[in-house]
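K.L.:
just coords:
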């Protein structure tokens, strides 16, 4: 599962303001970032409210709408929102880095800004808490490291054996 967390609100606001936007569409993803409580339906609703409140308090006049796709990383789901995207100045992606890039690629006429910082691939420990297991380096070596991704799980990212040596081949 891809793990991400929402950017701080001030950072998101800075990215939006830098684009002189008036019409905003917040697009969530009901897949990985939904499970890690960063970009699903609830988080989209919260961000839409925060953006509307900010606009109202500062007299900006933003028109803000939110929706959530089943998966942002697949074109077939993005095609479903083509009409929603047209006419917006900015699309705020609450998907992982892959989802944000897919929106940008599939809708080059609108500026897509990322609202999620994608960190790694992880396994759930408990609701909303994940342990990094893989960095997605594209050169998996866990067959040589007792099934452990040394890049992700070793603080030194050592590939040449365990700290402190080994005993009886382990």
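P.N.:
Nice, I can see it. Just so we're clear, the structure is a prediction, and the values are computed from it rather than from any experiment.

K.L.:
use CA for all of it now, contacts and neighbours both
P.N.:
Noted.

K.L.:
what are the buried residues along the top strand by length along the chain?
P.N.:
Longest strand in the chain, counting residues (DSSP state E): strand 116-126. Neighbour-count burial for strand 116-126, counted by 16 or more other Cα atoms under 10 Å, picks out 116, 117, 118, 120, 121, 122.

K.L.:
now swap in stretch 58-71 and tell me
P.N.:
Across stretch 58-71, burial judged by 16+ other Cα under 10 Å covers 62, 64, 65, 66, 67, 68, 69, 71.

K.L.:
sheet-wise, list the partners of the longest strand of the chain with their directions.
P.N.:
strand 2-6 (antiparallel), strand 129-134 (antiparallel) (DSSP bridges).

K.L.:
just give me the neighbour total for residue 56.
P.N.:
By other Cα atoms under 10 Å, the residues close to residue 56 number 12.

K.L.:
pick the most deeply packed of the strands paired with strand 116-126.
P.N.:
Using mean count of other Cα atoms under 10 Å, the stretch among those with the greatest mean number of neighbours is strand 2-6 (a mean of 23).

K.L.:
what about the longest helix in this structure?
P.N.:
Longest among the helix segments of the chain by residue count, using DSSP state H, is helix 41-57.

K.L.:
just checking, what packs against the following helix or strand past it?
P.N.:
Using DSSP states H and E, the next helix or strand after helix 41-57 towards the C-terminus is strand 63-69. Judged by 3 or more Cα pairs under 8 Å, 6 or more residues apart in numbering; DSSP states H and E, strand 63-69 is in contact with strand 23-29, helix 41-57.

K.L.:
can you put these in TSV and add distance to residue 134 and mean pLDDT?
P.N.:
Converted to TSV, the helices and strands packed on strand 63-69 look like this (distance: least, Cα to Cα, whole Å; pLDDT from 0 to 100):
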stretch	distance to residue 134	mean pLDDT
strand 23-29	21	96
helix 41-57	25	96
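
K.L.:
quick one, which of these is packed in tightest?
P.N.:
Among those, ranked by average contacts under mean count of other Cα under 10 Å, first place goes to strand 23-29 (a mean of 25).

K.L.:
pLDDT score for residue 75?
P.N.:
pLDDT, residue 75: 84.

K.L.:
hmm, it is touching residue 104, no?
P.N.:
No. Assessed by Cα atoms under 8 Å, residue 75 is found out of contact with residue 104, at 11.2 Å.

K.L.:
with neighbour numbers in mind, choose between these two.
P.N.:
Set side by side, residue 75 and residue 104 show more neighbours around residue 104, with 17 against 14, by other Cα under 10 Å.
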